[in-house]
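>>> got a predicted structure plus its sequence, pasted below:
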Amino acid sequence: NAGVTQTPKFRVLKTGQSMTLLCAQDMNHEYMYWYRQDPGMGLRLIHYSVGEGTTAKGEVPDGYNVSRLKKQNFLLGLESAAPSQTSVYFCASSYQFYNEQFFGPGTRLTVL
Amino acid sequence: GESVGLHLPTLSVQEGDNSIINCAYSNSASDYFIWYKQESGKGPQFIIDIRSNMDKRQGQRVTVLLNKTVKHLSLQIAATQPGDSAVYFCAETGSQGNLIFGKGTKLSVKP
(Lines give C-alpha, C1' and ligand atoms only; values in the text may rest on other atoms or scores of the structure.)
Protein backbone atom coordinates (compact mmCIF):
# COMPACT_ATOMS: atom_id res chain seq x y z
CA ASN A 1 0.00 0.00 0.00
CA ALA A 2 1.34 3.39 -0.99
CA GLY A 3 -1.16 5.17 1.29
CA VAL A 4 -1.66 8.78 0.21
CA THR A 5 0.55 10.14 -2.54
CA GLN A 6 0.82 13.68 -3.88
CA THR A 7 2.26 15.11 -7.07
CA PRO A 8 4.22 17.22 -7.60
CA LYS A 9 6.45 17.53 -4.53
CA PHE A 10 7.63 21.03 -5.38
CA ARG A 11 6.45 23.71 -7.75
CA VAL A 12 7.23 27.35 -8.46
CA LEU A 13 4.62 29.44 -10.23
CA LYS A 14 4.41 33.00 -11.41
CA THR A 15 1.46 35.14 -10.34
CA GLY A 16 -1.51 34.41 -12.55
CA GLN A 17 -0.41 30.96 -13.66
CA SER A 18 -2.60 27.93 -13.04
CA MET A 19 -1.83 24.45 -11.85
CA THR A 20 -3.40 21.28 -10.49
CA LEU A 21 -2.21 19.28 -7.53
CA LEU A 22 -3.02 15.59 -7.61
CA CYS A 23 -3.77 13.43 -4.60
CA ALA A 24 -4.25 9.68 -4.80
CA GLN A 25 -5.09 7.11 -2.11
CA ASP A 26 -5.23 3.35 -2.32
CA MET A 27 -7.08 2.66 0.93
CA ASN A 28 -10.58 2.85 -0.56
CA HIS A 29 -11.41 5.79 1.69
CA GLU A 30 -14.58 7.74 1.07
CA TYR A 31 -13.38 10.99 2.60
CA MET A 32 -10.59 13.14 1.22
CA TYR A 33 -9.28 16.54 2.23
CA TRP A 34 -6.99 19.33 1.11
CA TYR A 35 -5.19 21.42 3.72
CA ARG A 36 -2.67 24.20 3.55
CA GLN A 37 0.01 24.77 6.15
CA ASP A 38 1.70 28.12 6.65
CA PRO A 39 4.64 28.89 8.98
CA GLY A 40 3.63 29.07 12.63
CA MET A 41 0.14 27.85 11.88
CA GLY A 42 -1.61 24.57 11.98
CA LEU A 43 -3.30 22.98 9.03
CA ARG A 44 -6.30 24.77 7.58
CA LEU A 45 -8.92 22.94 5.57
CA ILE A 46 -9.40 24.19 2.01
CA HIS A 47 -11.93 21.74 0.55
CA TYR A 48 -13.05 18.24 1.26
CA SER A 49 -15.03 15.43 -0.29
CA VAL A 50 -17.30 12.84 1.30
CA GLY A 51 -17.37 10.60 -1.73
CA GLU A 52 -16.89 10.31 -5.46
CA GLY A 53 -18.51 13.21 -7.29
CA THR A 54 -18.93 15.35 -4.16
CA THR A 55 -16.99 18.35 -2.88
CA ALA A 56 -17.50 20.88 -0.11
CA LYS A 57 -15.84 24.07 1.09
CA GLY A 58 -13.64 24.13 4.12
CA GLU A 59 -12.24 26.99 6.15
CA VAL A 60 -10.20 28.73 3.41
CA PRO A 61 -11.68 27.80 -0.02
CA ASP A 62 -11.24 31.08 -1.90
CA GLY A 63 -8.93 30.87 -4.91
CA TYR A 64 -9.11 27.07 -5.11
CA ASN A 65 -11.28 24.53 -6.86
CA VAL A 66 -11.44 20.78 -6.44
CA SER A 67 -12.78 17.75 -8.22
CA ARG A 68 -13.37 14.14 -7.19
CA LEU A 69 -14.14 12.30 -10.42
CA LYS A 70 -12.73 9.03 -9.13
CA LYS A 71 -12.92 7.74 -5.57
CA GLN A 72 -9.17 7.36 -5.30
CA ASN A 73 -8.24 10.81 -6.64
CA PHE A 74 -8.80 14.32 -5.33
CA LEU A 75 -7.54 17.24 -7.41
CA LEU A 76 -6.84 20.74 -6.15
CA GLY A 77 -6.73 23.51 -8.75
CA LEU A 78 -5.43 27.04 -8.66
CA GLU A 79 -6.85 28.97 -11.59
CA SER A 80 -4.84 32.16 -11.10
CA ALA A 81 -2.09 31.75 -8.54
CA ALA A 82 -1.33 34.56 -6.09
CA PRO A 83 1.67 35.04 -3.76
CA SER A 84 -0.69 34.51 -0.81
CA GLN A 85 -1.08 30.92 -1.98
CA THR A 86 2.55 30.18 -1.28
CA SER A 87 2.27 27.34 1.19
CA VAL A 88 2.70 23.64 1.79
CA TYR A 89 -0.35 21.68 0.68
CA PHE A 90 -1.33 18.41 2.27
CA CYS A 91 -3.87 15.91 1.12
CA ALA A 92 -5.48 13.47 3.53
CA SER A 93 -8.04 10.70 3.47
CA SER A 94 -10.12 8.86 6.02
CA TYR A 95 -12.62 6.03 6.18
CA GLN A 96 -15.22 8.38 7.61
CA PHE A 97 -15.49 11.54 9.66
CA TYR A 98 -14.35 11.23 13.27
CA ASN A 99 -11.63 8.86 12.18
CA GLU A 100 -7.91 9.04 11.73
CA GLN A 101 -6.89 11.00 8.65
CA PHE A 102 -3.94 9.69 6.67
CA PHE A 103 -1.76 12.41 5.21
CA GLY A 104 0.36 12.59 2.10
CA PRO A 105 3.95 13.94 2.07
CA GLY A 106 2.92 17.42 0.95
CA THR A 107 3.50 19.74 -2.00
CA ARG A 108 5.59 22.84 -1.46
CA LEU A 109 4.26 25.61 -3.70
CA THR A 110 5.89 28.98 -4.20
CA VAL A 111 4.12 31.74 -6.11
CA LEU A 112 6.36 34.57 -7.25
CA GLY B 1 -16.15 30.36 17.13
CA GLU B 2 -14.32 27.07 17.24
CA SER B 3 -10.64 27.10 18.03
CA VAL B 4 -7.95 24.78 19.22
CA GLY B 5 -4.91 26.21 20.88
CA LEU B 6 -1.79 25.13 22.69
CA HIS B 7 -0.39 26.44 25.94
CA LEU B 8 3.28 26.33 24.86
CA PRO B 9 4.71 26.73 21.39
CA THR B 10 8.00 24.98 22.31
CA LEU B 11 9.00 22.27 24.76
CA SER B 12 12.50 21.05 25.49
CA VAL B 13 13.07 17.85 27.48
CA GLN B 14 15.98 15.62 28.38
CA GLU B 15 16.18 12.23 26.73
CA GLY B 16 14.54 9.66 28.96
CA ASP B 17 12.25 12.14 30.70
CA ASN B 18 8.50 12.22 30.25
CA SER B 19 6.96 14.91 28.05
CA ILE B 20 3.57 16.53 28.47
CA ILE B 21 2.08 18.57 25.66
CA ASN B 22 -1.10 20.49 26.42
CA CYS B 23 -3.98 21.65 24.29
CA ALA B 24 -7.09 23.73 25.01
CA TYR B 25 -10.21 23.51 22.93
CA SER B 26 -13.24 25.77 22.87
CA ASN B 27 -16.04 23.71 21.35
CA SER B 28 -17.73 21.79 24.16
CA ALA B 29 -19.69 19.83 21.53
CA SER B 30 -16.57 18.27 20.00
CA ASP B 31 -16.64 14.54 20.51
CA TYR B 32 -13.45 13.40 18.85
CA PHE B 33 -9.87 14.50 19.44
CA ILE B 34 -6.65 13.44 17.83
CA TRP B 35 -2.93 14.00 18.17
CA TYR B 36 -0.56 14.16 15.22
CA LYS B 37 3.22 14.25 15.01
CA GLN B 38 4.89 16.09 12.17
CA GLU B 39 8.57 15.74 11.43
CA SER B 40 10.36 18.31 9.35
CA GLY B 41 9.48 18.04 5.67
CA LYS B 42 6.87 15.34 6.19
CA GLY B 43 3.14 15.06 6.49
CA PRO B 44 1.40 14.71 9.86
CA GLN B 45 1.44 11.23 11.31
CA PHE B 46 -1.30 9.85 13.57
CA ILE B 47 -0.31 9.24 17.18
CA ILE B 48 -3.45 8.60 19.16
CA ASP B 49 -7.09 9.62 19.33
CA ILE B 50 -9.80 9.76 21.97
CA ARG B 51 -13.55 10.14 21.94
CA SER B 52 -15.45 12.34 24.34
CA ASN B 53 -16.90 9.39 26.24
CA MET B 54 -13.41 8.58 27.51
CA ASP B 55 -11.05 10.39 29.90
CA LYS B 56 -7.88 8.53 29.11
CA ARG B 57 -6.45 6.38 26.38
CA GLN B 58 -3.07 4.72 26.23
CA GLY B 59 -0.91 3.69 23.33
CA GLN B 60 2.66 2.62 23.03
CA ARG B 61 4.59 5.12 25.22
CA VAL B 62 1.84 7.70 24.73
CA THR B 63 -1.22 8.59 26.78
CA VAL B 64 -3.92 11.09 25.94
CA LEU B 65 -5.96 12.65 28.72
CA LEU B 66 -9.22 14.48 28.14
CA ASN B 67 -10.72 16.83 30.71
CA LYS B 68 -14.09 17.92 29.38
CA THR B 69 -14.83 20.08 32.41
CA VAL B 70 -12.06 22.53 31.55
CA LYS B 71 -11.87 21.60 27.85
CA HIS B 72 -8.30 20.47 28.06
CA LEU B 73 -6.41 17.77 26.20
CA SER B 74 -2.90 16.54 26.90
CA LEU B 75 -0.44 14.16 25.33
CA GLN B 76 2.04 12.38 27.55
CA ILE B 77 5.10 10.72 26.05
CA ALA B 78 6.97 8.35 28.33
CA ALA B 79 10.76 8.02 28.21
CA THR B 80 11.12 10.61 25.47
CA GLN B 81 13.61 9.71 22.76
CA PRO B 82 15.46 11.82 20.17
CA GLY B 83 13.15 10.37 17.52
CA ASP B 84 10.24 12.04 19.28
CA SER B 85 11.55 15.47 18.30
CA ALA B 86 8.86 16.97 16.07
CA VAL B 87 5.91 19.33 16.05
CA TYR B 88 2.82 17.94 17.74
CA PHE B 89 -0.66 19.02 16.77
CA CYS B 90 -3.92 18.42 18.55
CA ALA B 91 -7.15 18.55 16.58
CA GLU B 92 -10.85 18.47 17.39
CA THR B 93 -13.89 17.86 15.26
CA GLY B 94 -15.49 20.92 13.71
CA SER B 95 -19.13 21.56 12.92
CA GLN B 96 -18.71 20.08 9.43
CA GLY B 97 -17.20 16.88 10.78
CA ASN B 98 -13.76 18.04 9.71
CA LEU B 99 -10.73 18.31 11.97
CA ILE B 100 -9.67 21.70 13.32
CA PHE B 101 -5.95 21.79 14.09
CA GLY B 102 -4.11 23.78 16.70
CA LYS B 103 -0.96 25.68 15.82
CA GLY B 104 1.37 23.01 17.16
CA THR B 105 4.02 22.54 19.85
CA LYS B 106 7.62 21.91 18.88
CA LEU B 107 9.20 19.21 21.03
CA SER B 108 12.99 19.15 21.24
CA VAL B 109 14.74 16.24 22.95
CA LYS B 110 18.21 16.88 24.37
CA PRO B 111 20.57 13.89 24.41
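Sure thing, it's come through. Residues are numbered from 1 along each chain as shown, chains lettered A, B, ... in the order given.

>>> could you use CA atoms for every contact and neighbour count after this?
Will do.

>>> near chain A, which residues of chain B are found?
B:32, B:34, B:41-46, B:49, B:89, B:93, B:97-98, B:100-104 (Cα under 8 Å from any Cα of the partner chain).

>>> the residue in chain B that chain A sits nearest to: neighbour count?
Nearest to chain A, among the residues of chain B, is residue B:103, at 4.0 Å (Cα to the nearest Cα). Per other Cα atoms under 10 Å in any protein chain shown, the neighbour tally for residue B:103 reads 24.

>>> residue A:38 is in contact with that one, correct?
No. Taking contacts as Cα atoms under 8 Å, residue B:103 lies outside contact range of residue A:38: 9.9 Å.

>>> bridged to the residue nearest to residue B:37 when sequence neighbours are not counted, which residues?
Nearest residue to residue B:37 in three dimensions, chain neighbours excluded: residue B:88, at 4.6 Å (Cα to Cα, 6 or more residues apart in numbering or on different chains). Beta-bridge pairing for residue B:88 (DSSP bridges): residue B:37, residue B:105.

>>> for the one 4 residues further on, same thing?
In this structure, residue B:92 has the following beta-bridge partners (DSSP bridges): residue B:33, residue B:100.

>>> list the contacts for it?
Shown in contact with residue B:92 (Cα atoms under 8 Å, 6 or more residues apart in numbering or on different chains): B:4, B:25, B:30-34, B:99-101.

>>> JSON lines for those residues, including neighbour count and pLDDT?
Shown next, in JSON lines, are those (neighbours: other Cα atoms under 10 Å in any protein chain shown; pLDDT from 0 to 100):
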{"residue": "B:4", "neighbour count": "22", "pLDDT": "53"}
{"residue": "B:25", "neighbour count": "23", "pLDDT": "88"}
{"residue": "B:30", "neighbour count": "20", "pLDDT": "88"}
{"residue": "B:31", "neighbour count": "16", "pLDDT": "88"}
{"residue": "B:32", "neighbour count": "20", "pLDDT": "92"}
{"residue": "B:33", "neighbour count": "24", "pLDDT": "95"}
{"residue": "B:34", "neighbour count": "25", "pLDDT": "95"}
{"residue": "B:99", "neighbour count": "24", "pLDDT": "84"}
{"residue": "B:100", "neighbour count": "24", "pLDDT": "88"}
{"residue": "B:101", "neighbour count": "25", "pLDDT": "89"}
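
>>> now for those residues, which pair is the farthest apart?
Farthest pair in the contacts of residue B:92 (Cα to Cα) is B:31 and B:101. Separation: 14.4 Å.
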